[in-house]
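Visitor: This is a predicted model, with the sequence first.
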Amino acid sequence: MEQGKWIVAFQLFFITVLLLACPAGNAIADAGASGTEEAYELLSQGLHHYRRDRYEQAREAFETLIEARPHWKVMRELHQRLEPGELTEVITDVTFREVTTEKQAAAEAAETIMRMMTEAQRRGMLHIEDVDQVLEDFRTGSHQQFHDARSTLIEHGRYSVPYLLDFLAGTGEEKSTLVARTLTTLRDIGRPASPPLVAALRTDNDVLKHRIVSALENVGDRRAIPALLAVAEDERVAEETAETAWDAIGAIQQRIRYPVDLQSATEEYRKLARLYLEEDASRVGHVLGGHTEIWSWDGDEEQMRRRLSIEFVPSTIYYQARGVRVALDGLNTTPGDLPLQGLLIALMSREISYLERYEANSEHQHHAYARQKLGTLRSAFNRIAHLYGAPAAGRGLGEVLSVHDEEAALRIIKVLRDSDTVSSEHAADVLCRTLDHDSVDVRFQGALAILRSSPGGEICTPEKVIRVLKNILEQHAEAPQEYRQMVLAVSGVVAERALVMRNYPIGDLESAFLFALGEYGEDEELLEQITICLKAFGSGRAAEPLSGMAADADRTGKLRIRACSAINSIARREPDHSYGEEVFQALLGALEADDEHLQREAASALHALRQPPDDMFNVAEKEIRATKILDRDDMPDVDVGP
């Protein structure tokens, strides 16, 4: 249901984009001859200026055309009238030759026009004029009408598939000719027909499923193999359909020399999802233009043509978004498959990374799309990643590390850091690998995740984890803001798990903690966390800065109490350390506070420091004297009897 809402939202978004591209009341928005001629004149002027190195004039002409927001039919006509490679020559010219600012700006404007033309071509394919008449001619027309209709449907490629499904679902002897016509038409549309046909395999109609399998055999696209294997292995599918699916797989293998040693449908889904994760265009297809569609099946729609829905996504995130659907299809076949769960997490994390870059740049063409989708996608990612748990998240981390996506890796590491334990062997191994990663952020967050999720030091050498953290903190000592955030993160984890971290040499981080005490004295949250850490792992040299906090009347009572408690623990841990006079004086000062809890903690710390007997006597006498009533007028009346 959630997925269906996404599809509807994005369809509405794409329609909005197309409507904005075609405002009424603009001369070039007219799809007629006058609009086309005006647009062609502007484009020709821009190209003419560019060829004569008048880049500023070229840019102005190009941008005038862009700002006019021509009707998509105008842009499609321009694309057909333009000499092949004319705009491409402008775009690639800045790649291979000396570039000035004006030249770069002109080339960028030309690239925008090229994207508009590509989208217009797509829009033209999506919009089949008089579609009901075309379908009627295809079904019952004369020989010439049928061939004209067939040519139109082939010209519109994959966008004709939803209409052709009606004909594939027909039953009865009188429908056999129409079914045969449809199958040959789908064959001639070729590989572009594969994605919508694969989506339609989710149908519950056995007749339609069988014929879609036959159509996919004719198309011969390797991307259909996992879905065909799923049909072949599904015990609920009719035996004849399963056999046809095996035949289709064999035919595709022979046609494209696909490896013969096919495994299960689940394994093939894994392979395909990984190809999308890696953005292997040579094996899963290239994208063209600003947007690329993803097909989905909605069996609840009454009309067959409406059961196939299209989600248009920016082409730059198409591979990840499509990979998400492939992983979901695989999990629909084998819900508990751990590698597919990991791939789903990896693909979603990479898609979020792309969208976050677009959202951060308000000038980017996909900024609005990113803002619309990010909230929902982040929420879905967090739910899915925590639902599948550390084993799947660990596999997802391994996948994104293999494609060198640092941002996606950091997002998954956070999931693992939030896990109470990382019990999965694979997750533990991948987390340990992060300690040797090229990225400082990945190493740092990986070490934090290990520290929090494995407080006993079971999954990685504790000394190595602390060494990584210590080295990174030392490298950032000259960057105050970053250093503060890092110390805050480390001290937060240590403070939370201090009681069970005895196997880690946390004391090696003491210098970083003490440096932060001096640098960020106004940050109460940070000071409190560091104080907790020093209480558990600090050495005698931490007593002096802690005593300064204990004596500081401007500090909160809670922080002063923690400081006294930390000194108490340190003194018991290192009784032979030589503590300075300032430590004793600070604690004596804390005894003067009005807070009884603070007084008790200060007294306990003084006891742990083994204050000399005469000093202890002086304190005791002072306290006793404070309880005496010396003024006779303040003495209570006492009835001494007769």
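Guide: Alright, I've got the coordinates.
Visitor: does I294 sit in a helix, a strand or a coil?
Guide: Of the three states, I294 takes strand under DSSP: H, G, I helix; E, B strand; the rest coil.
Visitor: which residues of the stretch 101-250 of the chain fall in helices?
Guide: Assigned by DSSP state H, counting those that start in this stretch, the helices in the stretch 101-250 of the chain fall at 101-126, 131-140, 143-155, 161-168, 176-189, 194-200, 206-219, 225-233, 239-256.
Visitor: of all those helices, which lies closest to V287?
Guide: Closest approach to V287 among the helices of the stretch 101-250 of the chain (Cβ to Cβ): helix 101-126, 10.2 Å. For every residue, glycine as well, the C-beta is placed using N, CA and C.
Visitor: Okay, now the unreliable bits of this protein?
Guide: Within the chain, the ranges that satisfy pLDDT under 70 run 1-34, 84-85, 91-98, 174, 258-260, 420-424, 611-642.
Visitor: For the lengthiest helix in the chain, buried residues please.
Guide: Selection of the longest helix in the chain by residue count, based on DSSP state H, yields helix 367-402. Judged by neighbour count using 16 or more other Cβ atoms under 10 Å, the buried positions of helix 367-402 are 367-370, 372-374, 377, 380-381, 384-385, 388-401.
Visitor: shouldn't V231 be in contact with E243?
Guide: No. V231 lies out of contact with E243 (Cβ atoms under 8 Å); the separation is 10.4 Å.
Visitor: quick one: which of those two has more around it?
Guide: Comparing V231 with E243 by other Cβ atoms under 10 Å, the one with more neighbours is V231, at 26 against 14.
Visitor: So the spatially closest residue to E279 that is not a sequence neighbour versus N218, what's the distance?
Guide: Closest residue to E279 apart from its sequence neighbours, by Cβ to Cβ, 6 or more residues apart in numbering: Y319 at 4.4 Å. Y319 sits 26 Å away from N218, going by Cβ to Cβ, to the nearest Å.
Visitor: between the two, who's got more neighbours?
Guide: The residue with more neighbours, out of Y319 and N218, is Y319; 25 against 18, by other Cβ under 10 Å.
Visitor: Quick check: that one touching H286?
Guide: No. Between Y319 and H286 there is no contact under Cβ under 8 Å: 10.3 Å.
Visitor: Strands of this protein, residue ranges please.
Guide: Ranges of strands within the chain are 291-297, 308-314, based on DSSP state E.
Visitor: and the first one, which residues are buried?
Guide: By neighbour count, and taking 16+ other Cβ under 10 Å as the criterion, the buried residues in strand 291-297 are 291-296.
Visitor: just these now: which is nearest V490?
Guide: Set against V490, the nearest of these by Cβ to Cβ is I294 (41.7 Å).
Visitor: count of residues packed around the residue lying closest to the closest one once chain neighbours are set aside?
Guide: Spatially, and ignoring its direct neighbours in sequence, I294 is nearest to E311 (4.7 Å; Cβ to Cβ, 6+ apart). Burial measure for E311: 22 neighbouring residues, criterion other Cβ under 10 Å.
Visitor: Was I right to think E311 contacts T292?
Guide: No. E311 lies out of contact with T292 (Cβ under 8 Å); the separation is 9.8 Å.
Visitor: if we can go back for a sec, among the helices of the stretch 101-250 of the chain, single out whichever gets nearest to Y483.
Guide: Across these, Y483 has its closest neighbour in helix 101-126 (37.9 Å, Cβ to Cβ).
Visitor: Next, the angle from the closest one to strand 308-314.
Guide: For helix 101-126 against strand 308-314, the angle by axes from the mean of the first three to the mean of the last three Cα atoms, to 10 degrees is 180 degrees.
Visitor: No further questions, thank you.
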